[in-house]
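1. The amino acid sequence is not available; the structure is as follows:
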C-alpha cells in the first residue's frame, strides 16, 4: 500500500468521518492540540533557556528538568493523540501538504533527540559543559519551533 492509498483509507475510516462531519469535533480537537503545544512549548523554552544560562539560574538544570519533564511528557502524549485525530480527518489533504511533511519529519527527529541527547544532558550527574548545553538548547528550540510553525502552516496551505 502506498502512502496516498493509506491517506485515502485513513480519510474514509469511521472516526475520520465522524470528526470531519461534526460541526465542532475538529475545532475541539485542534484546541486541545494547541493547548498541548502551548504546554510543551513552555516547558521546552523554560528548560532550554536554563541550559543557555538565561533564566531560572537559581535552579540547577537537573532540578528544573525533574519539575518540567512530566508536564512535557503529558503534553507530548496529548499532542500526538490529538495530532493523529486531526490527521485522520484530513489525511488526503495532509498527503499533499508540504508543511505537514516538514512537521512530521522534524517531529521524527525532535522526539528521539528529546529522549536521548537532551534527556542525557539535563539529567546528567555531572553538568555538561556550557557549550554542549547551549548547543543542545539551540537545537531543541529550533526543532520545536519548526514543528510548531509548520503545524500552523498546514492550516494555511491547500
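-> Alright, I've got the coordinates. Remember, it's a predicted structure, so these values are computed and weren't measured experimentally.

2. which SS state does residue 124 fall under?
-> coil (DSSP: H, G, I helix; E, B strand; the rest coil).

3. wait, doesn't it sit right on residue 60?
-> No. Counting by CB atoms under 8 Å, residue 60 is not a contact partner of residue 124; they are 10.7 Å apart. C-beta here means a position set from N, CA and C on the backbone, and glycine is covered the same way.

4. show me where pLDDT drops low in this structure?
-> Within the chain, the ranges that satisfy pLDDT under 70 run 1, 125-129, 158.

5. Mind naming the longest helix for it?
-> helix 61-89 (DSSP state H).

6. I'd like to know which elements it is packed against.
-> helix 3-12, helix 14-21, helix 25-51, helix 119-122 (3 or more CB pairs under 8 Å, 6 or more residues apart in numbering; DSSP states H and E).

7. And the closest residue to residue 99 other than its chain neighbours, how far from residue 3?
-> Spatial nearest neighbour of residue 99, chain neighbours left out: residue 153 (3.8 Å); criterion: CB to CB, 6 or more residues apart in numbering. Distance of residue 153 to residue 3, given as CB to CB, to the nearest Å: 20 Å.

8. So between the two, which is more surrounded?
-> Neighbour comparison, residue 153 and residue 3: the larger count goes to residue 153, with 16 against 9 (by other CB atoms under 10 Å).

9. so who does that one touch?
-> 99, 102, 103 (CB atoms under 8 Å, 6 or more residues apart in numbering).

10. Pick out the one among those residues with the largest number of neighbours.
-> Busiest of the contacts of residue 153 [other CB under 10 Å] is residue 103, holding 23 neighbours.

11. before we move on, the earlier item: would you mind listing the buried residues in the longest helix of the chain?
-> 61, 64-65, 68-69, 72, 75-76, 78-79, 82-83, 85-89 (16 or more other CB atoms under 10 Å).

12. Over to stretch 150-158?
-> Buried residues in stretch 150-158 (16+ other CB under 10 Å): 150, 151, 153, 154.

13. which of those residues lies closest to residue 35?
-> For the buried residues of stretch 150-158, the minimum distance to residue 35 (CB to CB) is 13.3 Å, reached by residue 151.

14. quick one: contacts for the closest one?
-> Contacts for residue 151 (CB under 8 Å, 6+ apart) come out as 37, 99, 103.

15. Now that the second one has come up, it's in contact with residue 148, right?
-> So that's residue 99. No. Applying CB under 8 Å as the test, residue 99 and residue 148 come out as separate, 11.2 Å apart.
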